[in-house]
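Q: Provided below are the primary sequence and the corresponding predicted coordinates.
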Amino acid sequence: MIKLQIVGNLGKDCIAKEVNGKNVINFSVAHTERYKDAQGNQKERTTWVECAYWTDRTAVAQYLKKGKMVYAEGSPDADAYMNKDNQPSATLRMRVQNLQLLGGNESGGQQQQGSGSYQQQPAASAAGTGYSNNNSYSNSAPVSQEAGPVDDLPF
């Protein structure tokens, strides 16, 4: 399995819709990398990832607003095509399996105690895909010693 992970800001408000009886939340994430070129000039490059999050729980959609910082991971897909100027171009897409809201809230920009985490749970299926559309939401809380050894932490 190939896994893509990205931390970035939403480029616009998400779009939640129903397709063939299943819910999907579409959003785009931008990650900007700043670097110096060989001549020492400051440069920046922005990578956009078009994301599709298939889920039964669409409540997260109300928080996916333009500018919100998120962490998303999932399976990548890339499409190459010729753009309207007849130049080669490509689109990077991801089928999201884990989504976390990062950063502060919109009302004051203060850091939240925890971040919302939305994750698909692996499940055995007759088709052998290894994934189901059963998703869970957890609100991260400080980890206590009773939670297990440090090696069990997800980061």
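A: Perfect, thanks for sending it.
Q: so residue 85, which state does it fall into?
A: coil (DSSP: H, G, I helix; E, B strand; the rest coil).
Q: how many neighbours does it have?
A: Neighbour count of residue 85, defined by other CB atoms under 10 Å: 6. Just so you know, the C-beta spots here come from the backbone N, C-alpha and C atoms, and that holds for glycine as well.
Q: ramachandran coordinates for it?
A: The main-chain torsion angles of residue 85 are listed as degrees, to the nearest 10 and equal phi -90, psi 10.
Q: show me the shaky parts of the protein.
A: 104-155 (pLDDT under 70).
Q: make it 50
A: Residues of the chain meeting the criterion pLDDT under 50: 107-115, 121-151, 153-155.
Q: hey, where'd the strands end up in it?
A: Assigned by DSSP state E, the chain shows strands spanning 4-10, 15-19, 22-36, 42-54, 69-82, 88-101, 116-122, 131-139.
Q: sheet partners, orientation included, of the shortest one?
A: If I follow you right, that is strand 15-19. strand 22-36 (antiparallel) (DSSP bridges).
Q: ok, residue 53 - how many residues close by?
A: A total of 27 residues lie near residue 53 under the criterion other CB under 10 Å.
Q: from residue 97, how far out is it?
A: Here the distance between residue 53 and residue 97 works out to 8 Å (CB to CB, to the nearest Å).
Q: mind checking which of the strands of the chain is nearest residue 62?
A: Closest to residue 62 of the strands of the chain is strand 15-19 (CB to CB; 8.9 Å).
Q: list the contacts of the closest one.
A: 23-27, 58, 61 (CB atoms under 8 Å, 6 or more residues apart in numbering).
Q: specify which member of the residues you listed is nearest to residue 73.
A: When the contacts of strand 15-19 are compared for distance to residue 73 (CB to CB), residue 27 wins out at 14.1 Å.
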